[in-house]
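prediction below, plus the sequence it came from.
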There are 2 protein chains.
Amino acid sequence: MIKSEPRERSTRQRRAIRNVFETADRPLAPDEVLAAVQRSGAGGSLATVYRSIRAFIDEGYLTSVELPGTGAFYEIAGKTHHHHFSCLKCRRVYELEGCLPSETLRLPRGFRAVAHDLTVFGTCASCR
Amino acid sequence: MIKSEPRERSTRQRRAIRNVFETADRPLAPDEVLAAVQRSGAGGSLATVYRSIRAFIDEGYLTSVELPGTGAFYEIAGKTHHHHFSCLKCRRVYELEGCLPSETLRLPRGFRAVAHDLTVFGTCASCR
DNA sequence: TCCTTAGTGAGAATGAGATGTCAATAGCAA
DNA sequence: TTGCTATTGACATCTCATTCTCACTAAGGA
C-alpha cells in the first residue's frame, strides 16, 4: 500500500518565508531569509528556513542559485532565463536581465553545452 | 628590524606540483593535483598540496578559479582572460578561449562591474 | 472541541574542504 | 660535511553551511 504524501500545513513561518521571496526582487541567502522573517515578526530559526526552502524546492516553488565562491542562494522558480550580479561589498546578489548571444563562446570539438552561468561582480547601486 | 622572508626551497614535491600545473592545460582541483603528483612518483600528501598551492598563490604563480557549486580549482596565473567549461560527468574543468563582447549585459543604473565569470556546463569530449 | 501529526526552535551533529601540529626529513649556505 | 631550518607526512583540528534531534507547539480534519 502506498502511503500518500503528508499534506503541507500553512504555518506563520512558511507564509512569512514565502512572502519574503515574493517581495524580494533578487536571490536570497538563507541567513538573509532568516533576518527578513524575523524582522517581520514571525519568529523563525535557521533550521526552519532551511526546512522550508527544501520543501519549497520540492514543490517547485523555489530554485537554488549556485554562485562562484559562496553558498547557495534561492529565488522563485520559473523565471525567464537570466544571470546574476554579485556585489563585492554587501554580498547581495541581484538579477540581471537578458542573456548572452548564443554563439558567443565556441566550444572545443566534441564538447556539448547544456547550460551556462554568468555572474558579474562589482558594486551595486546602494554600495557606491 | 625587518625579518626578510625565508627563501623558498626547491623540493621534489613542489617541483612535481609545479610540473603538474605546467603540463595540465586546464584548472585543477587539489585532489587532482595530489593524484597527479603521486602518479609521478613524487609522493605527496593533501596537506602539502594545499600548502604548496597557497605558497604559489602568494608568489603569484597560481590563481584560484571559483566555480558555481564546487570547491576551488587552481590554474597558472597571468593567462589571458578566458572562461571555463565544467563537465557534468567527470567533474573536470576546461578552459575556453575568448570572452563575451563587453556590451552584452546591461547593468541597472548605478551598478558598476569589475569582473565577470562565465561557466558553461555540459559533457566534455572524452565523456561522450 | 479533540486528536493526530506536521512544523518549530534551540542546539548538537554532520561532512567536506581546508588548515594546524609536530616529529622526521632534506635543501642549501657555510 | 655540517648545521640550520623550510618542508614534509600523517593525522588532528577547524570552519562553515547544512541537516538532524527531540521536546514542544499548533494546523486543520473529524
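Sure thing, it's come through. Because the structure is a prediction, the values reported are computed rather than measured.

alpha carbons only for contacts and neighbour counts from here, please
OK.

how about the helices in chain A?
A:12-23, A:30-39, A:46-58 (DSSP state H).

quick one: those helices as CSV, columns for distance to B:P27 too.
Output for the helices of chain A, formatted as CSV (distance: least, Cα to Cα, whole Å):
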stretch, distance to B:P27
helix A:12-23, 36
helix A:30-39, 30
helix A:46-58, 32
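
ok, which of these comes nearest chain B?
For the helices of chain A, proximity to chain B was assessed by Cα to the nearest Cα; helix A:30-39 is nearest, at 15.9 Å.

show me the longest strand that occurs in chain A.
Assignment by DSSP state E gives strand A:112-123 as the longest strand of chain A.

pull the CA atoms of that strand into CSV?
Once non-C-alpha atoms are left out, strand A:112-123 reads as follows in CSV (Å, rounded to 0.1, in the frame of the first residue of the first chain):
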residue,chain,number,x,y,z
ARG,A,112,28.5,19.8,-25.8
ALA,A,113,26.9,22.5,-23.7
VAL,A,114,23.7,22.1,-21.8
ALA,A,115,23.7,25.2,-19.6
HIS,A,116,25.7,28.2,-18.7
ASP,A,117,26.1,30.6,-15.8
LEU,A,118,27.2,34.1,-16.0
THR,A,119,28.0,36.1,-12.9
VAL,A,120,29.0,39.8,-12.9
PHE,A,121,31.0,41.0,-9.9
GLY,A,122,31.2,44.6,-8.8
THR,A,123,29.5,47.2,-6.6
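
my read is that A:R109 contacts B:T123, right?
No - A:R109 is beyond contact range of B:T123, at 11.4 Å (criterion: Cα atoms under 8 Å).

so those two - more neighbours on which side?
Using other Cα atoms under 10 Å in any protein chain shown as the criterion, A:R109 and B:T123 rank with B:T123 on top: 21 against 8.

need the contact list for A:D25.
Counting by Cα atoms under 8 Å, 6 or more residues apart in numbering or on different chains, A:D25 touches A:Y94, A:E95.

that one and DNA strand C, how far apart?
When distance is defined by Cα to the nearest atom of the strand, to the nearest Å, A:D25 is 22 Å away from DNA strand C.

pLDDT score assigned to that residue?
We have a pLDDT of 91 for A:D25.

okay, now A:V114: neighbour count?
A:V114, neighbours per other Cα under 10 Å, totals 11.

repeat for the one 3 residues further on
For A:D117, the number of neighbouring residues by other Cα under 10 Å comes to 19.

spit out the contact partners of it.
A:H83, B:D117, B:L118, B:T119, B:V120.

can you check the pLDDT for the closest residue to A:G122 other than its chain neighbours?
Nearest non-adjacent residue to A:G122, counting by Cα to Cα, 6 or more residues apart in numbering or on different chains: B:A113, 4.3 Å away. pLDDT for B:A113: 93.

likewise A:P101?
The confidence metric pLDDT takes the value 65 at A:P101.

isn't A:R112 right up against B:G122?
Yes - taking contacts as Cα under 8 Å, A:R112 lies within contact range of B:G122: 5.5 Å.

which residue is nearest the middle of chain A?
A:Y74 (1.7 Å; Cα atoms, centre = their mean).

can you list the residues of chain A near chain B?
Applying Cα under 8 Å from any Cα of the partner chain, we find that chain A lies next to chain B at A:66-69, A:96-101, A:104-126, A:128.

got the contact list for A:F111?
B:G122, B:T123, B:C124, B:A125.

in PyMOL, select just the buried ones from the residues you listed.
A single PyMOL command selects the buried members of these (16 or more other Cα atoms under 10 Å in any protein chain shown):
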select buried, chain B and resi 122+123+124
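
near DNA strand C, which of the contacts of A:F111 show up?
Among the contacts of A:F111, not one lies near DNA strand C by Cα under 7 Å from any atom of the strand.

wait, A:C124 sits on B:R112?
Yes - with contacts counted by Cα under 8 Å, A:C124 reaches B:R112, the gap being 6.5 Å.

related to what we said a few turns ago, out of the residues of chain A next to chain B, which end up buried?
A:66-68, A:96, A:99-100, A:105, A:107, A:111-113, A:116-124.
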